[in-house]
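Asks: Sequence first, predicted coordinates after that:
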Amino acid sequence: MVRKRMDFKNGVLFQKEYQQFLKSKFYYPDVDPQHGKRVFMDNSGGSLRLKAAVEAKVEAEKFPDCPERIHERSLYLKGLVEEGTKQIMEIVFGAKSGALMTELTASQTMFQAVGTIMENVKWGTNAVTSSIEHPSAYDSMEYYCEKTGREFRVVPANQVTGGVDVDEVMKYVDENTCLLSIMAASNISGNIMDIGEIVRRAREMNPDIYIVSDAVQHAPHGVMDVEKLGVDVMNFAPYKFFGVRGCGFAYVSERVATMRHHKLAGKNPDVWELGTSAPGNFAAMMSVIDYVCEIGTAEVKSDDKRAVFKAGMERIHLQERALLERMLNGTDEVLGLRNMKGVHVYVDTQDLTQRDLIAAIGIDGIGFTECVAEYQKRGITVYERVNTSIYSKRIVEALGLKGAIRVSPMHCQGTDDIDYFLKVTSELAQKYTK
Ligand SMILES: Cc1ncc(COP(=O)(O)O)c(C=O)c1O
């Protein structure tokens, strides 16, 4: 029986030995080989790398063979792309139909998807997104609204939760909305959006509406289920999901798959592969899938790999929720962020079941950038999202902030990592807060 998210509102930690075993499967979790000790808490900017994923990529890259030949090695490389495509669609996205789009980055998949929908769909006078989208989602919507002569509508964020409310979205969606794009979880607050309900309500109002969801932030923390959600497009970035840089993957629904798009004329209408894919990227992602399934195997006995993968992601989610709870509330021995004088946890909701493992914080008396440098001196890598950066200005301001230090650990890290981070934070707060 798989434990459900709601069953454990404060999460469930892995056994310590198991957590350390999982950590040992990643490169450099505690030390940078050149720069020494560091606890890596910037996984939202690019996660720790699974050794098996990097090795699988390297292995595939060793061979020069074109995957389009009849030789054994070529067939093997082609097989990686074919099997990888199938696994990403069925196991990661939970798709039963549609197609996989691959690009160099997740941002490129977003522009391709939004552009294809907005240029093919002839009806609709507006398109809707939210104020806290990553620039790839926000800017692509703005760009194609301008290009196709549609009104660009922006749903404001909920400044208390750091998310986007369903009722608020519905104030902007109408029967003339051709495309709605709302991210699956915020990369600043970690708030998980209720995409299922957003889709349901939007389609109730407008059954033909196209719906896109950027899952780059959420994918490494929870299950994606495009069938259950009913979205037309969902994307993720393997390098933020324990894997490698150099590719972005997106699911496109059947009705989007066959829209006129960039492809070779001789290929079938639903083919999105353009040119020769890198088999290593697919091999790396399959290693990530196997890793998650290994975690899932301890939770559920099933021959259905998607079910095992889901169980693995659910388990990861529970471990991360327990780490988040500890980071916010601390223990008898160490103060949590919520209880430290001079420390602010922004957009902090009590209900952790709707959050990924991210905290947006600030410390009185010290600027965000300087504070990140102070953390680094003490062996902790975190990152500031501030209103002087093109990536975060609109988003932090939409949340009513000037900026925040984003703390984003991941499931393979342990309570010792969180406690060390809390100890350093307390030290900084005492030093800088008057
Ligand atoms: C929520 C979200 N969407 C999209 C992206 C873009 O990913 P990429 O840089 O791989 O295109 C990011 C990257 O930070 C992100 O956090």
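Replies: Right, received. Where do you want to start?
Asks: Show me where the protein has its helices.
Replies: Listed in chain order, the helices of the chain (DSSP state H) span 16-23, 51-61, 72-87, 106-120, 135-148, 166-172, 195-205, 226-229, 254-257, 279-297, 305-329, 368-377, 393-398, 415-432.
Asks: Go through the fourth one and flag the buried ones.
Replies: Read it as helix 106-120. If you call a residue buried by 16 or more other C-beta atoms under 10 Å, then helix 106-120 has these buried ones: 106-118, 120. The C-beta positions use only the backbone N, C-alpha and C, and glycine is treated the same way.
Asks: do that helix and the ligand meet?
Replies: Yes. Helix 106-120 lies within reach of the ligand by C-beta under 6 Å from any ligand atom, at 106-107.
Asks: and the angle from that helix to helix 135-148?
Replies: 20 degrees (axes from the mean of the first three to the mean of the last three C-alpha atoms, to 10 degrees).
Asks: Which elements pack onto helix 106-120?
Replies: In terms of contacts (3 or more C-beta pairs under 8 Å, 6 or more residues apart in numbering; DSSP states H and E), helix 106-120 is packed against strand 99-103, helix 135-148, strand 177-181, strand 210-214, strand 233-236, strand 248-252, helix 254-257.
Asks: Just give me how far that helix sits from the chain centre.
Replies: Distance, stretch centre to chain centre, for helix 106-120: 18 Å (C-alpha atoms, centre = their mean, to the nearest Å).
Asks: And the average pLDDT for that helix is what?
Replies: Averaged across helix 106-120, pLDDT comes to 98.
Asks: With stretch 295-311 instead?
Replies: Throughout stretch 295-311, pLDDT has a mean value of 97.
Asks: now stretch 153-173
Replies: On average, stretch 153-173 scores 97.
Asks: which residues are in contact with it?
Replies: Contacts with stretch 153-173, where a contact means C-beta atoms under 8 Å, 6 or more residues apart in numbering, come from 126-132, 138, 177, 180, 182-183, 186, 188-194, 197-198, 201-202, 205-206, 209, 346-347, 349, 354, 360, 398-400.
Asks: Whichever of these end up buried, select them in PyMOL.
Replies: To isolate the buried ones among these in PyMOL, judged by 16+ other C-beta under 10 Å, type:
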select buried, resi 126+127+128+129+130+132+138+177+180+182+183+186+188+189+190+191+192+193+194+198+201+202+206+209+346+347+349+360+398+399
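Asks: The contacts of stretch 153-173 also near the ligand: which ones?
Replies: Among those, proximity to the ligand is found for Met183 (C-beta under 6 Å from any ligand atom).
Asks: Please render the helices and strands packed on helix 106-120 as JSON lines that adds mean pLDDT to the earlier fields.
Replies: JSON lines is the format used below for the helices and strands packed on helix 106-120 (pLDDT from 0 to 100):
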{"stretch": "strand 99-103", "mean pLDDT": "97"}
{"stretch": "helix 135-148", "mean pLDDT": "98"}
{"stretch": "strand 177-181", "mean pLDDT": "98"}
{"stretch": "strand 210-214", "mean pLDDT": "98"}
{"stretch": "strand 233-236", "mean pLDDT": "98"}
{"stretch": "strand 248-252", "mean pLDDT": "98"}
{"stretch": "helix 254-257", "mean pLDDT": "98"}
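Asks: Just the pLDDT for Arg3.
Replies: At Arg3, pLDDT is 53.
Asks: mind listing what Pro238 touches?
Replies: 53, 244-245, 247-249, 281, 284-285, 288 are the contacts of Pro238 under C-beta under 8 Å, 6+ apart.
Asks: now do Ile363
Replies: Ile363 neighbours (C-beta under 8 Å, 6+ apart): 342-344, 371, 405, 425, 428-429, 432-433.
Asks: Show me what it bridges to in the sheet.
Replies: Per DSSP bridges, the residues bridged to Ile363 are Val343.
Asks: any idea how far it lies from Thr116?
Replies: Between Ile363 and Thr116 the computed distance is 44 Å (C-beta to C-beta, to the nearest Å).
Asks: Residues of the stretch 1-150 of the chain that sit close to the ligand?
Replies: So far as C-beta under 6 Å from any ligand atom goes, the stretch 1-150 of the chain lies against the ligand at 105-107, 134, 136.
Asks: How about the contacts made by Ala429?
Replies: Per C-beta under 8 Å, 6+ apart, neighbours of Ala429: 340-343, 363-364.
Asks: And the buried ones among the residues you listed, selectable in PyMOL?
Replies: Selection of buried members from those for PyMOL, criterion 16+ other C-beta under 10 Å:
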select buried, resi 340+342+343+363
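Asks: can you list the contacts of Ala429 in TSV and add distance to the ligand?
Replies: What follows is the contacts of Ala429, written out as TSV (distance: C-beta to the nearest ligand atom, whole Å):
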residue	distance to the ligand
Met340	27
Lys341	31
Gly342	28
Val343	24
Ile363	23
Asp364	27
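Asks: Please convert the contacts of Ala429 to a markdown table, extending it with pLDDT.
Replies: Shown next, in a markdown table, are those (pLDDT from 0 to 100):
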| residue | pLDDT |
| --- | --- |
| Met340 | 98 |
| Lys341 | 97 |
| Gly342 | 97 |
| Val343 | 98 |
| Ile363 | 98 |
| Asp364 | 97 |
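Asks: coming back round to it: next, give me the two most distant ones among the residues of the stretch 1-150 of the chain next to the ligand.
Replies: Spatially, the most separated pair among these is Thr105 and His134, at 11.3 Å (C-beta to C-beta).
Asks: Please identify which of the two sits among more neighbours.
Replies: His134 (21 against 17; other C-beta atoms under 10 Å).
Asks: domain parsing for the protein?
Replies: The record assigns the chain these domain ranges, following automatic domain parsing: 5-48+313-432, 55-289.
Asks: Figure out which of the ones you listed is closest to Ala298.
Replies: Shortest distance between Ala298 and these, using C-beta to C-beta, is found for domain 5-48+313-432: 7.5 Å.
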